[in-house]
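> take this sequence and fold it.
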Amino acid sequence: MTFRLGDIAAALGVEALGDGDIVLRGAAEPALAGPDDLAIALSPAWAAGLAQGRARAAILWPGADWQALGLSGAIAAPRGRLAVARVTALLDDGPAIAPGIHATAVIDPLAEIGAGAAIGPLTVIGAGARVGANARIEGQVSIAPGVVIGADALICAGVRIARRVRIGDRVVLQPNVVIGGDGFSFVTATPAHVETARETLGRGPVTVPDDPTWHRIHSLGGVVIGDDVEVGAGSTIDAGTIRATQVGRGTKIDNLVQVGHNVIVGQDCLLCAQAGVAGSSRVGDRVVLGGKAGVADNLVIGDDVVVGGGSVVLSNVPAGRVMMGSPATRMDTHIESYKALRRLPRLLRDGLSRQNKVSNPSEND
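Numbers count the residues shown, from 1 in each chain. The predicted structure is shown next:
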């Protein structure tokens with residue numbers, strides 16, 4: 001594919017600076033850009049890279065002197081990362097999936113395939129499943145009986161979609177996502193120590209059940225995923241026990257994220273890599289969970305909460321709060337606590353020094 005600089009600028013809703021007829025084939029970092037690449041230089045820190053590369057055109061920070069940078073044309077981006085999002089969408093034609101249904105795909109006669117859908121090799125679609133119009137499904141995907149997938153969805157290679165799953169329009173599932181596996185829910189015939197420990201805060205006696213066998217609580221609730229959700233490679237969303245696990249419209253889930261059974265995730269959330277939400281917790285709208293953040297079970301996280309990377313949430317969080325640490329506390333409280341912790345060695349050293357002076361006054365003579 002090729003694009004004129006002026007056409008890219010028009011797609012961004014701005015005017016091209018300089019020569020709008022420059023033909024471009026892709027995007028690159030400034031130092032690596034060739035004459036047919038659009039260099040991405042969102043701050044003055046990238047100016048030196050422009051001099052090293054051979055780009056004729058670039059996306060630049062506001063107020064940049066594109067002519068002084070040796071460019072023939074440019075696009076000024078008031079919000080650089082948003083411009084990059086739109087440019088990369090323009091330049092990315094997605095995975096190559098041949099139109100129609102591949103000869104090696106196994107599709108039950110009772111499945112419904114929407115108009116314009118493309119289905120890759122060795123994909124299996126069960127009875128009663130419904131695939132929406134213009135959906136694209138890569139190879140080696142398995143879709144259980146009765147699953148519903150909306151229009152314009154992109155299901156990448158190796159995805160597994162279990163029974164009782166409903167997926168909205170324009171959903172993207174990256175490679176090896178698993179949706180609708182059983183939740184991790186087991187119980188013993190009589191209370192195990194883990195149950196009594198929680199009730200007694202660990203102060204009670206050790207209770208060993210007569211029969212320590214863990215009995216599976218089966219997951220009958222399935223999963224419901226809203227429109228415009230994206231799920232990153234290797235992530236899993238477990239089926240609910242009785243009611244469905246839910247992921248709200250517009251939420252984006254990174255790679256290697258675990259969403260447990262019965263969880264409700266709101267709209268327009270970001271769940272970053274290796275984050276985990278334990279069973280039956282509720283996550284509000286526009287919540288951000290940083291990388292490796294964890295949310296314990298049966299909690300309520302309010303709207304617009306931000307949880308810093310590596311934090312562990314062990315109690316309910318009110319709307320709008322920013323949390324950090326393990327256990328997670330308010331960001332300002334965590335920072336003060338961290339500063340105090342860093343002072344401890346000095347405070348201990350100074351305290352011992354003063355104590356020695358008081359205990360041994362002769363040493364100070």
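> from the chain's centroid, how far away is stretch 224-243?
Using CA atoms, centre = their mean, to the nearest Å, the distance from the centre of stretch 224-243 to the centre of the chain it belongs to is 12 Å.
> which parts of that stretch are buried?
For stretch 224-243, the neighbour count (16 or more other CB atoms under 10 Å) marks 224-241 as buried. (Glycine included, C-beta is placed from N, CA and C.)
> just the CA coordinates for that stretch, please, in PDB.
Extracted C-alpha coordinates of stretch 224-243, given in PDB (Å, rounded to 0.1, in the frame of the first residue of the first chain):
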ATOM      1  CA  VAL A 224     -20.500 -11.900  27.600                       C
ATOM      2  CA  ILE A 225     -18.000  -9.600  25.800                       C
ATOM      3  CA  GLY A 226     -19.200  -6.200  24.600                       C
ATOM      4  CA  ASP A 227     -18.600  -4.400  21.400                       C
ATOM      5  CA  ASP A 228     -15.100  -3.000  20.500                       C
ATOM      6  CA  VAL A 229     -13.300  -5.100  23.200                       C
ATOM      7  CA  GLU A 230      -9.700  -6.200  22.500                       C
ATOM      8  CA  VAL A 231      -8.000  -9.100  24.400                       C
ATOM      9  CA  GLY A 232      -4.300  -9.600  24.100                       C
ATOM     10  CA  ALA A 233      -2.300 -12.800  23.400                       C
ATOM     11  CA  GLY A 234      -2.500 -15.600  25.900                       C
ATOM     12  CA  SER A 235      -5.100 -13.900  28.100                       C
ATOM     13  CA  THR A 236      -8.000 -15.800  29.700                       C
ATOM     14  CA  ILE A 237     -11.500 -14.900  30.700                       C
ATOM     15  CA  ASP A 238     -13.200 -17.600  32.800                       C
ATOM     16  CA  ALA A 239     -16.900 -18.500  32.600                       C
ATOM     17  CA  GLY A 240     -19.200 -17.500  35.400                       C
ATOM     18  CA  THR A 241     -20.600 -20.000  37.800                       C
ATOM     19  CA  ILE A 242     -24.300 -19.300  37.400                       C
ATOM     20  CA  ARG A 243     -24.300 -15.800  35.800                       C
END
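> and it, average pLDDT?
Mean pLDDT, stretch 224-243: 98.
> over to stretch 327-343?
90.
> which residues are contacting it?
307-308, 311-315, 317, 321-325 (CB atoms under 8 Å, 6 or more residues apart in numbering).
> just give the nearest non-adjacent residue to residue 6, would you?
Nearest residue to residue 6, sequence neighbours excluded (CB to CB, 6 or more residues apart in numbering): residue 20, at 2.9 Å.
> what's near enough to touch the residue nearest to residue 30 when sequence neighbours are not counted?
Nearest residue to residue 30, sequence neighbours excluded (CB to CB, 6+ apart): residue 49, at 3.2 Å. For residue 49, the contact set (CB under 8 Å, 6+ apart) comprises 29, 30, 31, 39, 41.
> if we can go back for a sec, can you put the contacts of stretch 327-343 in CSV and add neighbour count?
Below are the contacts of stretch 327-343 laid out as CSV (neighbours: other CB atoms under 10 Å):
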residue, neighbour count
307, 28
308, 18
311, 25
312, 16
313, 25
314, 13
315, 10
317, 23
321, 16
322, 16
323, 23
324, 22
325, 19
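> give me the neighbour count for residue 115.
Using other CB atoms under 10 Å, residue 115 has 8 other residues around it.
> with residue 332 instead?
10.
> doesn't it fall inside a strand?
No. Residue 332 sits outside any strand when classified using DSSP: H, G, I helix; E, B strand; the rest coil, being helix.
> that one and residue 301, how far apart?
The spacing between residue 332 and residue 301, counted by CB to CB, to the nearest Å, is 19 Å.
> didn't residue 307 look like it was pressed against residue 313?
Yes. Residue 307 is in contact with residue 313 according to CB atoms under 8 Å; the separation is 6.0 Å.
> how long is stretch 207-216 end to end?
One end of stretch 207-216 sits 20 Å from the other (CA to CA, to the nearest Å).
> just stretch 175-186 next, same as before
29 Å.
> next one: stretch 320-330
So stretch 320-330: terminal residues 11 Å apart, CA to CA.
> on that earlier part again, just the closest of the contacts of residue 49 to residue 103, please.
residue 29 (41.3 Å; CB to CB).
> ok, the closest one - contacts?
39, 40, 46, 49, 53.
> can you get me a residue count around the first one?
In this case it means residue 39. Residue 39: 27 neighbours (other CB under 10 Å).
> one more: the last one?
By the measure other CB under 10 Å, the count of residues near residue 53 is 22.
> so it touches residue 28, yeah?
Yes. Here residue 53 reaches residue 28: they are 7.4 Å apart, a contact under CB under 8 Å.
> okay, and the common contacts of the two?
By CB under 8 Å, 6+ apart, the residues touching both residue 53 and residue 28 are 34, 37, 39.
> which non-adjacent residue is nearest the first one?
If I follow you right, that is residue 34. Nearest to residue 34 is residue 54, by CB to CB, 6+ apart, at 5.3 Å.
> surely the one you found meets residue 36?
No. Residue 54 lies out of contact with residue 36 (CB under 8 Å); the separation is 9.3 Å.
> contact partners for residue 270?
Taking CB under 8 Å, 6+ apart as the test, what residue 270 contacts is 251, 252, 254, 287, 288, 289.
> ok, residue 266 touching residue 286?
Yes. Using CB under 8 Å, residue 266 is in contact with residue 286, at 7.2 Å.
> residue 162: how many residues sit nearby?
Around residue 162 there are 21 residues (other CB under 10 Å).
> coming back round to it: residues touching the residue nearest to residue 6, list them.
With contact taken as CB under 8 Å, 6+ apart, residue 20 is in contact with 4, 5, 6, 9, 73.
> mind redoing it with 10 Å?
4, 5, 6, 7, 8, 9, 10, 57, 73, 75 (CB atoms under 10 Å, 6 or more residues apart in numbering).
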